[in-house]
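[1] have a look; sequence and predicted model below, questions after that.
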Amino acid sequence: MKNKENAIVVGAGLVGSLWSILLAKRGYKVDLYEQRSDVRKKGFIGGRSINLAMSHRGWKALEKAGVDQKIRELSIPMHGRMMHSTTGELTFQPYGKQNEAIYSVSRGGLNLELLNIADSFENVTINFDEKCLGIDTKTKTVGFSNYATKEKTSQDADLIFGTDGAFSAVRDSIQRRPRFNYSQDYLEHGYKELSIPPLPNGDFALDKNALHIWPRGHFMLIALPNIDGSFTCTLFLPFEGEVSFEKLTDNETVLAFFEKYFADTIPLIPNLLEEFSENPTSGLVTVKCSPWSYANKVMLMGDASHAIVPFYGQGMNSGFEDCTVLDELIDINEGDWLETFKEFNDARITDANAISELAKRNFVEMRDSVGNDLFLLRKKIEKHLNKKYPKQFLPVYSMVSFSHIRYSEALAELDRQDKLFERILKIDDIKNNWADNPQVDVVFLEWHESFLINN
Ligand SMILES: Cc1cc2nc3c(=O)[nH]c(=O)nc-3n(C[C@H](O)[C@H](O)[C@H](O)COP(=O)(O)OP(=O)(O)OC[C@H]3O[C@@H](n4cnc5c(N)ncnc54)[C@H](O)[C@@H]3O)c2cc1C
(Lines give C-alpha, C1' and ligand atoms only; values in the text may rest on other atoms or scores of the structure.)
Protein backbone atom coordinates (compact mmCIF):
# COMPACT_ATOMS: atom_id res chain seq x y z
CA MET A 1 0.00 0.00 0.00
CA LYS A 2 2.89 2.39 -0.56
CA ASN A 3 3.09 5.24 -3.06
CA LYS A 4 -0.49 6.45 -2.82
CA GLU A 5 -0.88 9.66 -4.74
CA ASN A 6 -4.46 10.78 -4.82
CA ALA A 7 -7.36 10.84 -2.41
CA ILE A 8 -11.10 11.46 -2.36
CA VAL A 9 -12.52 13.07 0.77
CA VAL A 10 -16.32 12.82 1.07
CA GLY A 11 -17.91 15.63 3.12
CA ALA A 12 -16.47 19.14 3.44
CA GLY A 13 -17.64 19.69 7.01
CA LEU A 14 -15.19 20.43 9.81
CA VAL A 15 -13.23 17.17 9.70
CA GLY A 16 -13.24 16.70 5.91
CA SER A 17 -11.98 20.24 5.23
CA LEU A 18 -9.22 19.95 7.83
CA TRP A 19 -8.15 16.49 6.65
CA SER A 20 -7.99 17.71 3.04
CA ILE A 21 -5.56 20.45 4.14
CA LEU A 22 -3.31 17.96 5.93
CA LEU A 23 -3.31 15.60 2.92
CA ALA A 24 -2.61 18.51 0.56
CA LYS A 25 0.35 19.57 2.69
CA ARG A 26 1.79 16.11 2.15
CA GLY A 27 1.48 16.56 -1.62
CA TYR A 28 -1.56 14.36 -2.24
CA LYS A 29 -3.91 15.31 -5.03
CA VAL A 30 -7.19 15.73 -3.15
CA ASP A 31 -10.74 15.75 -4.48
CA LEU A 32 -13.10 16.99 -1.78
CA TYR A 33 -16.81 16.35 -2.40
CA GLU A 34 -19.67 18.10 -0.58
CA GLN A 35 -23.40 17.69 -1.02
CA ARG A 36 -24.15 21.31 -0.12
CA SER A 37 -23.55 24.30 -2.36
CA ASP A 38 -20.49 26.46 -1.81
CA VAL A 39 -21.19 28.07 1.55
CA ARG A 40 -18.89 30.92 0.62
CA LYS A 41 -21.30 31.95 -2.16
CA LYS A 42 -24.63 31.17 -0.53
CA GLY A 43 -23.94 31.99 3.12
CA PHE A 44 -23.64 29.34 5.76
CA ILE A 45 -26.70 27.20 6.27
CA GLY A 46 -26.80 26.20 9.91
CA GLY A 47 -28.29 22.92 10.97
CA ARG A 48 -26.36 21.83 14.01
CA SER A 49 -25.10 24.06 16.79
CA ILE A 50 -24.18 27.63 15.88
CA ASN A 51 -21.10 27.63 18.07
CA LEU A 52 -18.80 24.97 19.42
CA ALA A 53 -16.39 24.66 22.32
CA MET A 54 -12.84 24.12 21.09
CA SER A 55 -10.22 22.67 23.44
CA HIS A 56 -6.62 21.41 23.31
CA ARG A 57 -7.16 18.53 20.88
CA GLY A 58 -8.92 20.75 18.39
CA TRP A 59 -6.29 23.50 18.63
CA LYS A 60 -3.45 21.03 18.06
CA ALA A 61 -4.97 19.85 14.77
CA LEU A 62 -5.64 23.45 13.67
CA GLU A 63 -2.03 24.28 14.47
CA LYS A 64 -0.88 21.47 12.18
CA ALA A 65 -3.04 22.94 9.42
CA GLY A 66 -1.66 26.43 10.18
CA VAL A 67 -5.04 28.03 10.89
CA ASP A 68 -5.05 28.21 14.67
CA GLN A 69 -4.06 31.89 14.95
CA LYS A 70 -6.84 33.07 12.67
CA ILE A 71 -9.46 31.01 14.50
CA ARG A 72 -8.17 32.14 17.90
CA GLU A 73 -8.85 35.72 16.88
CA LEU A 74 -12.48 34.75 16.25
CA SER A 75 -12.96 32.81 19.46
CA ILE A 76 -14.01 33.67 23.01
CA PRO A 77 -12.29 32.00 25.98
CA MET A 78 -14.60 30.43 28.54
CA HIS A 79 -12.67 29.92 31.77
CA GLY A 80 -15.36 28.01 33.63
CA ARG A 81 -18.99 27.18 34.14
CA MET A 82 -21.39 29.80 35.45
CA MET A 83 -24.28 28.02 37.13
CA HIS A 84 -27.63 29.76 37.33
CA SER A 85 -29.92 28.53 40.13
CA THR A 86 -33.73 28.64 39.84
CA THR A 87 -33.72 31.74 42.02
CA GLY A 88 -31.10 33.45 39.86
CA GLU A 89 -27.98 33.00 42.06
CA LEU A 90 -24.73 32.57 40.17
CA THR A 91 -21.87 30.22 41.04
CA PHE A 92 -18.68 30.19 39.01
CA GLN A 93 -16.62 27.03 38.74
CA PRO A 94 -13.28 27.28 36.89
CA TYR A 95 -12.56 24.54 34.35
CA GLY A 96 -8.86 24.33 35.08
CA LYS A 97 -5.92 26.49 36.07
CA GLN A 98 -6.04 30.27 35.68
CA ASN A 99 -4.78 30.37 32.10
CA GLU A 100 -6.82 27.37 30.94
CA ALA A 101 -10.02 27.83 28.98
CA ILE A 102 -12.18 26.22 26.37
CA TYR A 103 -13.06 28.52 23.46
CA SER A 104 -16.39 29.31 21.85
CA VAL A 105 -15.99 29.36 18.06
CA SER A 106 -18.52 29.79 15.29
CA ARG A 107 -19.15 26.50 13.45
CA GLY A 108 -19.89 28.32 10.19
CA GLY A 109 -16.90 30.66 10.49
CA LEU A 110 -14.55 27.79 11.25
CA ASN A 111 -15.84 25.68 8.36
CA LEU A 112 -15.53 28.63 6.01
CA GLU A 113 -11.96 29.33 7.03
CA LEU A 114 -10.97 25.68 6.61
CA LEU A 115 -12.58 25.56 3.17
CA ASN A 116 -10.75 28.70 2.09
CA ILE A 117 -7.43 27.28 3.16
CA ALA A 118 -8.11 23.90 1.52
CA ASP A 119 -9.05 25.76 -1.66
CA SER A 120 -5.81 27.74 -1.63
CA PHE A 121 -3.83 24.55 -2.37
CA GLU A 122 -3.31 23.88 -6.04
CA ASN A 123 -3.60 20.15 -5.44
CA VAL A 124 -7.11 20.40 -3.86
CA THR A 125 -10.32 20.50 -5.90
CA ILE A 126 -13.55 21.13 -4.04
CA ASN A 127 -16.64 19.74 -5.74
CA PHE A 128 -19.86 21.19 -4.31
CA ASP A 129 -23.44 20.01 -4.96
CA GLU A 130 -22.18 16.44 -5.18
CA LYS A 131 -24.11 14.01 -3.04
CA CYS A 132 -22.26 10.82 -2.27
CA LEU A 133 -24.38 7.77 -3.03
CA GLY A 134 -22.00 5.33 -1.37
CA ILE A 135 -19.13 3.00 -2.21
CA ASP A 136 -19.55 0.37 -4.90
CA THR A 137 -18.14 -2.56 -2.98
CA LYS A 138 -17.32 -4.46 -6.19
CA THR A 139 -15.33 -1.76 -7.95
CA LYS A 140 -14.30 0.09 -4.73
CA THR A 141 -15.26 3.38 -6.34
CA VAL A 142 -17.47 6.18 -4.97
CA GLY A 143 -20.76 7.19 -6.57
CA PHE A 144 -21.96 10.80 -6.68
CA SER A 145 -25.05 12.55 -7.94
CA ASN A 146 -24.87 16.22 -8.91
CA TYR A 147 -27.78 18.30 -7.56
CA ALA A 148 -27.87 20.73 -10.47
CA THR A 149 -27.29 18.44 -13.45
CA LYS A 150 -28.62 15.21 -11.86
CA GLU A 151 -25.64 13.57 -13.50
CA LYS A 152 -24.36 10.45 -11.74
CA THR A 153 -20.65 9.71 -11.76
CA SER A 154 -18.34 7.13 -10.36
CA GLN A 155 -14.97 8.30 -9.00
CA ASP A 156 -11.85 6.43 -8.05
CA ALA A 157 -8.70 7.27 -6.10
CA ASP A 158 -5.92 5.47 -4.24
CA LEU A 159 -7.50 6.44 -0.92
CA ILE A 160 -11.07 7.34 0.03
CA PHE A 161 -11.95 9.12 3.30
CA GLY A 162 -15.54 9.18 4.58
CA THR A 163 -15.97 12.39 6.57
CA ASP A 164 -19.66 12.75 5.73
CA GLY A 165 -21.00 12.98 9.26
CA ALA A 166 -23.19 10.88 11.55
CA PHE A 167 -25.43 9.66 8.71
CA SER A 168 -22.51 8.82 6.46
CA ALA A 169 -23.29 7.39 3.03
CA VAL A 170 -19.76 5.97 2.88
CA ARG A 171 -20.30 4.07 6.14
CA ASP A 172 -23.77 3.02 5.07
CA SER A 173 -22.42 1.09 2.09
CA ILE A 174 -19.66 -0.69 3.99
CA GLN A 175 -22.01 -1.40 6.89
CA ARG A 176 -23.50 -4.25 4.91
CA ARG A 177 -20.17 -6.06 4.64
CA PRO A 178 -19.58 -9.17 6.77
CA ARG A 179 -18.21 -8.62 10.29
CA PHE A 180 -18.83 -4.88 10.31
CA ASN A 181 -20.03 -3.83 13.78
CA TYR A 182 -22.45 -0.94 14.01
CA SER A 183 -24.68 0.61 16.62
CA GLN A 184 -26.75 3.76 16.74
CA ASP A 185 -28.77 5.04 19.67
CA TYR A 186 -30.71 8.18 20.37
CA LEU A 187 -30.82 9.94 23.70
CA GLU A 188 -34.30 10.41 25.15
CA HIS A 189 -33.44 14.14 25.12
CA GLY A 190 -33.59 16.47 22.15
CA TYR A 191 -32.30 20.02 21.81
CA LYS A 192 -33.52 23.38 20.62
CA GLU A 193 -31.46 26.54 20.04
CA LEU A 194 -32.55 30.00 21.22
CA SER A 195 -30.68 33.29 21.22
CA ILE A 196 -29.74 36.05 23.64
CA PRO A 197 -28.96 39.19 21.60
CA PRO A 198 -26.41 41.81 22.70
CA LEU A 199 -27.64 44.61 24.99
CA PRO A 200 -28.69 47.87 23.25
CA ASN A 201 -25.18 49.28 23.90
CA GLY A 202 -23.64 46.21 22.21
CA ASP A 203 -22.41 44.59 25.44
CA PHE A 204 -22.88 40.94 26.28
CA ALA A 205 -25.97 40.32 28.41
CA LEU A 206 -24.10 37.76 30.55
CA ASP A 207 -20.46 37.23 31.54
CA LYS A 208 -18.90 36.43 28.16
CA ASN A 209 -16.00 34.39 29.53
CA ALA A 210 -18.07 31.54 30.90
CA LEU A 211 -20.17 28.69 29.64
CA HIS A 212 -23.51 29.35 31.29
CA ILE A 213 -25.55 26.45 32.64
CA TRP A 214 -29.01 26.37 34.12
CA PRO A 215 -28.94 22.82 35.59
CA ARG A 216 -32.41 21.52 36.42
CA GLY A 217 -31.96 17.84 37.24
CA HIS A 218 -33.25 15.88 34.26
CA PHE A 219 -32.81 18.75 31.82
CA MET A 220 -30.81 21.95 31.36
CA LEU A 221 -30.24 25.10 29.39
CA ILE A 222 -26.75 26.23 28.37
CA ALA A 223 -25.43 29.38 26.67
CA LEU A 224 -22.17 30.00 24.78
CA PRO A 225 -20.96 33.48 23.70
CA ASN A 226 -20.58 34.62 20.07
CA ILE A 227 -18.20 37.35 18.93
CA ASP A 228 -21.08 39.62 17.86
CA GLY A 229 -22.08 40.06 21.53
CA SER A 230 -24.89 37.49 21.46
CA PHE A 231 -25.19 34.10 23.15
CA THR A 232 -26.57 30.94 21.64
CA CYS A 233 -28.63 28.97 24.15
CA THR A 234 -29.40 25.30 23.83
CA LEU A 235 -32.25 23.70 25.73
CA PHE A 236 -31.73 19.97 26.35
CA LEU A 237 -35.03 18.39 27.35
CA PRO A 238 -36.63 14.92 27.03
CA PHE A 239 -38.85 14.51 23.97
CA GLU A 240 -41.54 12.81 26.07
CA GLY A 241 -42.67 12.68 29.70
CA GLU A 242 -43.90 14.96 32.43
CA VAL A 243 -41.50 17.80 31.68
CA SER A 244 -40.71 17.46 28.00
CA PHE A 245 -40.89 18.99 24.54
CA GLU A 246 -44.18 17.17 23.87
CA LYS A 247 -45.81 19.15 26.71
CA LEU A 248 -44.67 22.51 25.34
CA THR A 249 -47.33 22.83 22.70
CA ASP A 250 -48.23 26.52 22.68
CA ASN A 251 -47.11 29.97 23.91
CA GLU A 252 -48.78 29.51 27.31
CA THR A 253 -47.05 26.22 28.12
CA VAL A 254 -43.67 27.48 26.85
CA LEU A 255 -43.90 30.67 28.89
CA ALA A 256 -45.06 28.85 32.03
CA PHE A 257 -42.13 26.39 31.61
CA PHE A 258 -39.59 29.21 31.31
CA GLU A 259 -41.17 31.13 34.22
CA LYS A 260 -40.88 28.06 36.43
CA TYR A 261 -37.39 26.88 35.50
CA PHE A 262 -35.49 29.64 33.69
CA ALA A 263 -37.16 32.87 34.86
CA ASP A 264 -33.94 34.91 34.69
CA THR A 265 -33.58 34.17 30.96
CA ILE A 266 -37.00 35.54 29.94
CA PRO A 267 -35.89 39.20 29.74
CA LEU A 268 -32.72 38.08 27.92
CA ILE A 269 -34.44 36.13 25.11
CA PRO A 270 -36.78 38.73 23.57
CA ASN A 271 -37.94 36.39 20.78
CA LEU A 272 -38.41 33.38 23.01
CA LEU A 273 -41.86 32.36 21.80
CA GLU A 274 -41.15 32.90 18.09
CA GLU A 275 -37.83 31.08 18.28
CA PHE A 276 -39.30 28.26 20.31
CA SER A 277 -42.00 27.58 17.74
CA GLU A 278 -39.83 28.18 14.66
CA ASN A 279 -36.51 26.55 15.59
CA PRO A 280 -36.32 22.79 15.11
CA THR A 281 -36.15 20.29 17.94
CA SER A 282 -33.35 17.90 17.02
CA GLY A 283 -32.26 14.50 18.28
CA LEU A 284 -28.89 13.49 19.74
CA VAL A 285 -27.39 10.37 18.25
CA THR A 286 -24.49 8.17 19.29
CA VAL A 287 -22.90 6.11 16.53
CA LYS A 288 -20.25 3.45 17.06
CA CYS A 289 -18.75 1.15 14.47
CA SER A 290 -15.72 -0.99 13.73
CA PRO A 291 -13.58 -1.39 11.78
CA TRP A 292 -13.37 2.12 10.40
CA SER A 293 -11.46 0.99 7.32
CA TYR A 294 -12.53 -1.08 4.35
CA ALA A 295 -10.61 -2.89 1.61
CA ASN A 296 -7.36 -1.19 2.68
CA LYS A 297 -8.55 1.85 0.79
CA VAL A 298 -11.49 3.48 2.57
CA MET A 299 -11.26 5.11 6.03
CA LEU A 300 -14.03 6.71 8.09
CA MET A 301 -13.20 9.73 10.26
CA GLY A 302 -15.06 12.19 12.51
CA ASP A 303 -18.78 11.74 13.13
CA ALA A 304 -18.97 9.23 10.27
CA SER A 305 -17.23 6.70 12.52
CA HIS A 306 -17.97 8.05 16.02
CA ALA A 307 -20.83 10.47 16.58
CA ILE A 308 -21.22 11.30 20.27
CA VAL A 309 -23.54 13.38 22.43
CA PRO A 310 -22.28 16.98 22.83
CA PHE A 311 -21.94 17.17 26.63
CA TYR A 312 -18.15 17.09 26.85
CA GLY A 313 -17.77 19.42 23.85
CA GLN A 314 -15.55 16.80 22.24
CA GLY A 315 -17.30 15.69 19.02
CA MET A 316 -15.40 18.04 16.74
CA ASN A 317 -12.34 17.94 18.99
CA SER A 318 -12.15 14.16 18.72
CA GLY A 319 -12.71 14.33 14.95
CA PHE A 320 -9.86 16.83 14.69
CA GLU A 321 -7.73 14.56 16.84
CA ASP A 322 -8.44 11.76 14.32
CA CYS A 323 -6.68 14.01 11.78
CA THR A 324 -3.69 14.59 14.09
CA VAL A 325 -3.30 10.90 14.93
CA LEU A 326 -3.68 9.68 11.34
CA ASP A 327 -1.23 12.32 10.14
CA GLU A 328 1.33 11.26 12.75
CA LEU A 329 0.89 7.59 11.83
CA ILE A 330 1.69 8.35 8.19
CA ASP A 331 5.06 9.67 9.37
CA ILE A 332 5.67 6.84 11.80
CA ASN A 333 4.90 4.23 9.12
CA GLU A 334 6.79 6.13 6.42
CA GLY A 335 3.83 6.17 4.06
CA ASP A 336 2.84 2.51 4.54
CA TRP A 337 -0.94 2.89 4.49
CA LEU A 338 -1.71 -0.74 5.33
CA GLU A 339 0.07 -0.41 8.66
CA THR A 340 -1.27 3.13 9.16
CA PHE A 341 -4.87 1.99 8.70
CA LYS A 342 -4.34 -0.93 11.06
CA GLU A 343 -2.78 1.18 13.81
CA PHE A 344 -5.37 3.94 13.39
CA ASN A 345 -8.21 1.42 13.80
CA ASP A 346 -6.56 -0.18 16.82
CA ALA A 347 -5.93 3.06 18.69
CA ARG A 348 -8.76 5.33 17.74
CA ILE A 349 -11.76 3.02 18.08
CA THR A 350 -10.91 2.40 21.74
CA ASP A 351 -10.52 6.13 22.34
CA ALA A 352 -13.70 7.05 20.46
CA ASN A 353 -15.69 4.57 22.55
CA ALA A 354 -14.16 6.08 25.68
CA ILE A 355 -15.06 9.69 24.85
CA SER A 356 -18.54 8.51 23.87
CA GLU A 357 -18.97 7.10 27.40
CA LEU A 358 -17.40 10.17 29.03
CA ALA A 359 -19.77 12.45 27.10
CA LYS A 360 -22.81 10.52 28.30
CA ARG A 361 -21.60 10.67 31.90
CA ASN A 362 -20.88 14.39 31.60
CA PHE A 363 -24.52 15.02 30.74
CA VAL A 364 -25.53 13.81 34.19
CA GLU A 365 -22.81 16.04 35.66
CA MET A 366 -23.93 19.13 33.74
CA ARG A 367 -27.67 18.89 34.13
CA ASP A 368 -27.72 17.56 37.67
CA SER A 369 -24.51 17.39 39.69
CA VAL A 370 -23.17 20.89 39.00
CA GLY A 371 -25.93 22.23 41.23
CA ASN A 372 -25.15 19.72 43.95
CA ASP A 373 -23.11 20.65 47.07
CA LEU A 374 -21.14 17.40 47.26
CA PHE A 375 -20.19 17.69 43.61
CA LEU A 376 -18.99 21.28 44.11
CA LEU A 377 -17.01 20.16 47.13
CA ARG A 378 -15.39 17.38 45.07
CA LYS A 379 -14.38 19.93 42.44
CA LYS A 380 -12.72 22.10 45.11
CA ILE A 381 -10.84 19.14 46.57
CA GLU A 382 -9.79 18.03 43.05
CA LYS A 383 -8.28 21.45 42.50
CA HIS A 384 -6.55 21.37 45.88
CA LEU A 385 -5.06 17.89 45.22
CA ASN A 386 -3.92 18.93 41.76
CA LYS A 387 -2.11 21.91 43.27
CA LYS A 388 -0.55 19.90 46.08
CA TYR A 389 0.26 16.75 44.05
CA PRO A 390 0.54 18.02 40.45
CA LYS A 391 2.44 14.94 39.24
CA GLN A 392 0.11 12.44 40.88
CA PHE A 393 -3.30 13.98 40.36
CA LEU A 394 -4.95 15.57 37.33
CA PRO A 395 -8.74 16.10 37.29
CA VAL A 396 -10.42 14.14 34.48
CA TYR A 397 -11.96 17.28 32.96
CA SER A 398 -8.41 18.64 32.51
CA MET A 399 -7.23 15.36 30.98
CA VAL A 400 -9.99 15.53 28.39
CA SER A 401 -10.01 19.25 27.66
CA PHE A 402 -6.49 20.49 28.41
CA SER A 403 -4.26 17.57 27.49
CA HIS A 404 -3.63 15.02 24.77
CA ILE A 405 -3.84 12.06 27.13
CA ARG A 406 -5.78 9.27 25.44
CA TYR A 407 -9.52 9.35 26.08
CA SER A 408 -9.36 5.69 27.15
CA GLU A 409 -6.90 6.62 29.90
CA ALA A 410 -9.13 9.50 31.01
CA LEU A 411 -12.12 7.16 31.27
CA ALA A 412 -10.14 4.63 33.34
CA GLU A 413 -8.93 7.49 35.55
CA LEU A 414 -12.50 8.70 36.09
CA ASP A 415 -13.45 5.31 37.53
CA ARG A 416 -10.37 5.40 39.75
CA GLN A 417 -11.03 8.95 40.95
CA ASP A 418 -14.66 8.07 41.70
CA LYS A 419 -13.33 5.47 44.13
CA LEU A 420 -10.98 8.02 45.73
CA PHE A 421 -13.78 10.52 46.26
CA GLU A 422 -16.14 7.88 47.63
CA ARG A 423 -13.62 7.69 50.51
CA ILE A 424 -12.69 11.36 50.80
CA LEU A 425 -16.28 12.59 50.92
CA LYS A 426 -16.99 10.22 53.82
CA ILE A 427 -14.34 11.87 56.05
CA ASP A 428 -15.93 13.47 59.13
CA ASP A 429 -17.02 17.08 58.59
CA ILE A 430 -15.14 17.13 55.28
CA LYS A 431 -17.29 20.00 54.07
CA ASN A 432 -15.74 22.37 56.60
CA ASN A 433 -12.20 21.11 56.95
CA TRP A 434 -11.05 19.69 53.60
CA ALA A 435 -8.31 22.22 52.96
CA ASP A 436 -5.95 21.30 55.80
CA ASN A 437 -7.28 17.92 56.81
CA PRO A 438 -4.44 15.34 57.11
CA GLN A 439 -7.00 12.56 56.57
CA VAL A 440 -7.44 13.75 52.99
CA ASP A 441 -3.70 13.30 52.42
CA VAL A 442 -3.68 9.87 54.03
CA VAL A 443 -6.55 8.64 51.85
CA PHE A 444 -5.04 10.25 48.76
CA LEU A 445 -1.58 8.76 49.28
CA GLU A 446 -3.03 5.29 49.96
CA TRP A 447 -5.08 5.54 46.79
CA HIS A 448 -2.07 6.67 44.79
CA GLU A 449 0.15 3.95 46.20
CA SER A 450 -2.36 1.24 45.37
CA PHE A 451 -2.31 2.51 41.79
CA LEU A 452 1.48 2.27 41.65
CA ILE A 453 1.43 -1.26 43.09
CA ASN A 454 -1.21 -2.43 40.60
CA ASN A 455 0.59 -0.95 37.61
C1 LIG B 1 -25.92 20.60 19.63
C2 LIG B 1 -24.51 20.19 19.34
C3 LIG B 1 -23.47 20.85 19.97
C4 LIG B 1 -22.14 20.46 19.73
N5 LIG B 1 -21.16 21.11 20.40
C6 LIG B 1 -19.87 20.69 20.23
C7 LIG B 1 -18.81 21.36 20.93
O8 LIG B 1 -19.04 22.28 21.71
N9 LIG B 1 -17.53 20.92 20.73
C10 LIG B 1 -17.24 19.88 19.89
O11 LIG B 1 -16.06 19.50 19.79
N12 LIG B 1 -18.24 19.24 19.21
C13 LIG B 1 -19.52 19.62 19.35
N14 LIG B 1 -20.52 19.01 18.64
C15 LIG B 1 -20.17 17.89 17.75
C16 LIG B 1 -19.72 18.39 16.37
O17 LIG B 1 -20.72 19.18 15.82
C18 LIG B 1 -19.41 17.22 15.45
O19 LIG B 1 -18.64 16.26 16.11
C20 LIG B 1 -18.68 17.70 14.20
O21 LIG B 1 -19.49 18.57 13.47
C22 LIG B 1 -18.28 16.51 13.34
O23 LIG B 1 -17.66 16.97 12.18
P24 LIG B 1 -17.67 16.09 10.86
O25 LIG B 1 -16.94 16.87 9.85
O26 LIG B 1 -17.23 14.71 11.19
O27 LIG B 1 -19.22 15.96 10.48
P28 LIG B 1 -20.20 17.12 10.01
O29 LIG B 1 -19.90 18.38 10.69
O30 LIG B 1 -21.58 16.54 10.14
O31 LIG B 1 -19.88 17.31 8.45
C32 LIG B 1 -20.24 16.35 7.51
C33 LIG B 1 -20.24 17.01 6.13
O34 LIG B 1 -20.52 16.01 5.15
C35 LIG B 1 -21.54 16.48 4.28
N36 LIG B 1 -22.29 15.30 3.82
C37 LIG B 1 -23.14 14.52 4.53
N38 LIG B 1 -23.62 13.54 3.76
C39 LIG B 1 -23.07 13.68 2.54
C40 LIG B 1 -23.18 12.98 1.32
N41 LIG B 1 -23.98 11.89 1.19
N42 LIG B 1 -22.49 13.41 0.24
C43 LIG B 1 -21.66 14.50 0.34
N44 LIG B 1 -21.51 15.22 1.48
C45 LIG B 1 -22.21 14.82 2.55
C46 LIG B 1 -22.38 17.41 5.14
O47 LIG B 1 -23.11 18.31 4.33
C48 LIG B 1 -21.30 18.09 5.97
O49 LIG B 1 -20.75 19.20 5.32
C50 LIG B 1 -21.85 19.39 18.84
C51 LIG B 1 -22.90 18.73 18.20
C52 LIG B 1 -24.22 19.12 18.45
C53 LIG B 1 -25.31 18.38 17.76
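    Done, it's in.
[2] what about the helices in the stretch 201-350 of the chain?
    Applying DSSP state H, counting those that start in this stretch to the stretch 201-350 of the chain gives helices spanning 251-261, 272-278, 315-332, 337-367.
[3] for the ones you listed, which one sits closest to Asn127?
    helix 315-332 (20.3 Å; Cβ to Cβ). Every residue, glycine included, has its C-beta placed from N, CA and C.
[4] got the angle for that closest one vs helix 337-367?
    With axes from the mean of the first three to the mean of the last three Cα atoms, to 10 degrees applied, the angle from helix 315-332 to helix 337-367 works out at 160 degrees.
[5] packing partners of helix 315-332?
    helix 14-25, strand 51-54, helix 56-65, helix 337-367 (3 or more Cβ pairs under 8 Å, 6 or more residues apart in numbering; DSSP states H and E).
[6] near the ligand, anything from that helix?
    Yes. Using Cβ under 6 Å from any ligand atom, helix 315-332 reaches the ligand at Gly315, Met316, Asn317, Gly319.
[7] closest one of these to the ligand?
    Each of these was scored against the ligand by Cβ to the nearest ligand atom, and Gly315 proved nearest at 2.5 Å.
[8] for that closest one, what are its contacts?
    Each residue near Gly315 by Cβ atoms under 8 Å, 6 or more residues apart in numbering is listed here: Asp303, Ala307, Ile308, Ala359.
[9] just the buried residues out of those residues, in PyMOL syntax.
    Here is the PyMOL command that selects the buried residues among those (16 or more other Cβ atoms under 10 Å):
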select buried, resi 303+307+308+359
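[10] just the contacts of Gly315 now: which is nearest Trp337?
    For the contacts of Gly315, the nearest to Trp337 is Asp303 (22.7 Å; Cβ to Cβ).
[11] next, count neighbours for the nearest residue to Phe204 once chain neighbours are set aside.
    Spatial nearest neighbour of Phe204, chain neighbours left out: Gly229 (5.5 Å); criterion: Cβ to Cβ, 6 or more residues apart in numbering. When neighbours are counted by other Cβ atoms under 10 Å, Gly229 registers 16.
[12] and Gly229, backbone torsions?
    Main-chain torsions, Gly229, degrees, to the nearest 10: phi 100, psi 0.
[13] so it touches Asn201, yeah?
    No. Shown here, Gly229 and Asn201 do not form a contact pair, counting by Cβ atoms under 8 Å, at 9.4 Å.
[14] how near is the closest residue in space to Gln417 that isn't next to it in sequence to Leu23?
    In space, and not counting its chain neighbours, Gln417 is closest to Val396: 6.2 Å by Cβ to Cβ, 6+ apart. Applying Cβ to Cβ, to the nearest Å, the value for Val396 to Leu23 is 33 Å.
[15] and those two? which has more neighbours close in?
    Set side by side, Val396 and Leu23 show more neighbours around Leu23, with 27 against 22, by other Cβ under 10 Å.
[16] which residues does that one contact?
    Contacts of Leu23 (Cβ under 8 Å, 6+ apart): Ala7, Val9, Val30.
[17] pLDDT on stretch 186-203, on average?
    What stretch 186-203 shows for mean pLDDT is 96.
[18] how about that stretch: buried residues?
    Neighbour-count burial for stretch 186-203 [16+ other Cβ under 10 Å]: Leu187, His189, Gly190, Tyr191, Lys192, Glu193, Leu194, Ser195, Ile196.
[19] and which of these is nearest Cys289?
    Nearest to Cys289 among the buried residues of stretch 186-203, with distances taken as Cβ to Cβ, is Leu187, at 18.2 Å.
[20] the closest one and Ala307 touch, don't they?
    No. Look at Leu187 against Ala307 with Cβ under 8 Å: they stay out of range, at 11.5 Å.
[21] need the residues touching each of these two.
    Val285, Thr286.
[22] tell me the most buried of the helices and strands packed on helix 315-332?
    Of all these, helix 14-25 has the most neighbours on average by mean count of other Cβ atoms under 10 Å, namely a mean of 26.
[23] and this structure, which residues reach the ligand?
    10-16, 33-36, 48-49, 52-53, 131-132, 163-165, 169, 191, 234, 302-304, 310, 313-317, 319.
[24] kindly recompute the last result at 5 Å.
    Residues of the chain lying near the ligand by Cβ under 5 Å from any ligand atom: 11, 13-15, 35-36, 48-49, 52-53, 131-132, 164-165, 169, 302-303, 310, 313, 315-317, 319.
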